[in-house]
Structures are given as C-alpha cells and as structure tokens.
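1. pasting the sequence and the predicted coordinates here, then a few questions.
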Amino acid sequence: MLILMLYIKEDASTVRQPIYGLFLGNLVTLAIAQLLLLHYSVEPTASQRADFSFLQDMGALMLWGTTLLYLDSVGIILLYERLGRWLPRRTVLRFAICGSVVLAFDQIGFFIMLNLLYGAPSDVFWGGLKAKMVAVLIYTALFALYQFYLSEGRLVGRQRTVRDVFHDLTFRERYEDLLARTGRDGLTGLLDRSRMEIDAPRLLATALSQDKSASIVIIDIDHFKQINDRFGHLVGDELLKEIAETMSKAVRPQDFVFRYGGEEFVLVMPDLAHEDALRIAGRLRERVAADIRNPDGEPVTISLGVASAPIDGTSLHAVLSVADVRLYRAKSDGRNRVIGRQMA
C-alpha cells in the first residue's frame, strides 16, 4: 500500500524504483541463503545439526513471497487505475478497495505455500487475513490524514476541505484531465479548430488508406448576427451551446463535431459515403429547426455544405474548401438547407 501511496503522489517512473529495489533485494537474500547450502558446515555440538531444511523451506517461501510482492505492487496500481473509471476522484475509497483486494490475494497466495510446505491449518489463513484487513484500515486512515494535513495544498497555506481529500488526482490522471480539456472550446465543450487541424487529417488519411470514404460538413447558424443584435450575446451564447449539444446527440458515436469559429461548426464523419452524409446532414438540419427556438419562439435554422473524400479531394484543405463553397451556395439559395455534390 505504500507503493500505491507513492504512485498517487508521484508517477510511474518514480514508483518503479522501490518496486525493483524490493524485488532485487529479496532475490539477493534468496541467493545468499542458497549459497549457505553449498557451504561446508561443522556441527556445533554432537546433539545439534545445521538446519539445512529450514534454509531450503525459507528459500521456497522467499521465492514465492518475492513473486507475490511483485504481483501485488503492479496489481495494486493497475487496479487503482481501473477503478478510476468508475470512481473518478475518489482517491481514498479507491485506496481502501485496492488494499483490501490485493492484500486478500496476497494472503491467499502465501497461505497456499504454507499449507503445501507445513500443512498450515485454515486458522492461519483467517488470522492472517484479519490482520491484513486491520492493516488496510490503518493505512487508509493514515493516508487520508496525510492527504489532508501534509499534502502540498496544506503546506503552502491553501485551506483544504475534507472533500478535497477524496478528489486528488494521480500524476497520470492530472495529465489526462489536462489533455481532455486541451483543444476544447470553452463555451460549447466541443473540440476546437486547433484539434480539428490535428484530428481531421488523420481521420481522412485512415479512411483513404482503407479505400473508404470520409465526409465533412460545414454548418453555419442562419442570421446569427441578427440574433446577437436583437437579444444580446448571452442569448447567442446559450443558443450556441444548445446547437452544439443537439449536434453531438444527432451524429454517430464515431463522428467528430468541432467548433470552427463564431457560429460555424465542422462535422467530420469517417467511413461515410456522400449520400449517407447528406442524409445525416438533413436530419441534423431538421432536428435543430424543431428543437431550438430564439426568445421570440422562432425556430433557429442552420445551413450545411457537404463534401466527401476522395471524390472532392484527398486532403483536409481540399475537402473543406469544397464544403465551404457548398455552404455559401446553401446560404445564397435562401438558407436552412443542405447542399451536396449533386445539388451544387
């Protein structure tokens, strides 16, 4: 559990050092014990003999214990990370669960060897298990106290609440949390243009390498400037968030919605032919018009331009340019419509 505690406060590269140190230290001790078996021993007295069987049994127990130690050290970290999917930011609870599971596994594994070598009764197992569960409670309490009183926030004078103790992130989780928020539009929560310029070329290239189509849709909110002028930018911001949420729910799980800038969005749909992309774009247009209203109760509409690789181009710039031309055509033709290849 100390290994897990170190991992939570540091990172994987730091925690590897004590794991390898413990593992190698036990192996060295085991090697020394085995060397003693090869050494010529003089009997201390006529009634005493060198206890070679003890050294042999100790060697077997140490080898098995070292293996369990390594498995415990790696397993407790992997389990802690896996629990993070269901118990995010619940650091102390995850710490307690991991300690209970791994120490129970350790007790089962070590008892098996004790039973094989010495015929240890079941009382030994239950007694050891109870002792280890008490150790889990003690370590968890100490860990919670450490988090509250000795973590960085307390040392620099920042007041922490008890709630903060359960919300600390590991080094890796802090990195993933930062990465998830990087490239996100602060208003809508969608991926932003910088992420589009990274992700979209990769999505197109992957589809083309598999001889599949990929479609791009540029979406523009009709008369958005007038909405801002009439009702204010706060209302406009709320409409942007509503439209972003509607689009995210309307597309497939494998599709990507980006905020391109202002009132424009880009939808990237890998592995989708042009005709299917037109159907999805049409359904998206209908859903926005049906679900979203301005403060006067009038429907908010969108115009969409659709282009697909490889026919309309094989690069992001080429396909996006064609989609942009078709969006301009949709707006010129009266807005609230979808323009694709056969309509252009």
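-> Sure, I can see it.
2. quick one: low-confidence ranges for the stretch 101-250 of the chain?
-> Confidence mapping of the stretch 101-250 of the chain against pLDDT under 70 gives the ranges 147, 149-181.
3. let's see it at 50
-> Applying pLDDT under 50 to the stretch 101-250 of the chain flags residues 152-169.
4. which residues in it form helices?
-> For the stretch 101-250 of the chain, the helices defined by DSSP state H, counting those that start in this stretch occupy 122-149, 152-155, 162-165, 171-181, 193-209, 224-231, 233-250.
5. adding distance to residue 338 and mean neighbour count, write those out as a markdown table.
-> In short, each C-beta sits where N, CA and C put it, glycine included. A markdown table is the format used below for the helices of the stretch 101-250 of the chain (distance: least, Cβ to Cβ, whole Å; neighbours: other Cβ atoms under 10 Å):
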| stretch | distance to residue 338 | mean neighbour count |
| --- | --- | --- |
| helix 122-149 | 54 | 14 |
| helix 152-155 | 52 | 12 |
| helix 162-165 | 48 | 13 |
| helix 171-181 | 32 | 12 |
| helix 193-209 | 20 | 16 |
| helix 224-231 | 18 | 15 |
| helix 233-250 | 13 | 16 |
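6. now render the ones you listed as JSON lines, adding distance to residue 283.
-> Shown next, in JSON lines, are the helices of the stretch 101-250 of the chain (distance: least, Cβ to Cβ, whole Å):
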{"stretch": "helix 122-149", "distance to residue 283": "49"}
{"stretch": "helix 152-155", "distance to residue 283": "49"}
{"stretch": "helix 162-165", "distance to residue 283": "43"}
{"stretch": "helix 171-181", "distance to residue 283": "28"}
{"stretch": "helix 193-209", "distance to residue 283": "21"}
{"stretch": "helix 224-231", "distance to residue 283": "21"}
{"stretch": "helix 233-250", "distance to residue 283": "7"}
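7. okay, now the domains of the chain?
-> Domains of the chain are assigned by automatic domain parsing as 2-165, 193-339.
8. secondary structure class for residue 253?
-> coil (DSSP: H, G, I helix; E, B strand; the rest coil).
9. cool, and residue 341?
-> coil.
10. can you get me a residue count around the closest residue to it other than its chain neighbours?
-> Nearest non-adjacent residue to residue 341, counting by Cβ to Cβ, 6 or more residues apart in numbering: residue 274, 5.8 Å away. By other Cβ atoms under 10 Å, the residues close to residue 274 number 18.
11. of all the helices of the stretch 101-250 of the chain, which lies closest to residue 260?
-> Nearest to residue 260 among those is helix 193-209 (5.7 Å), distances taken as Cβ to Cβ.
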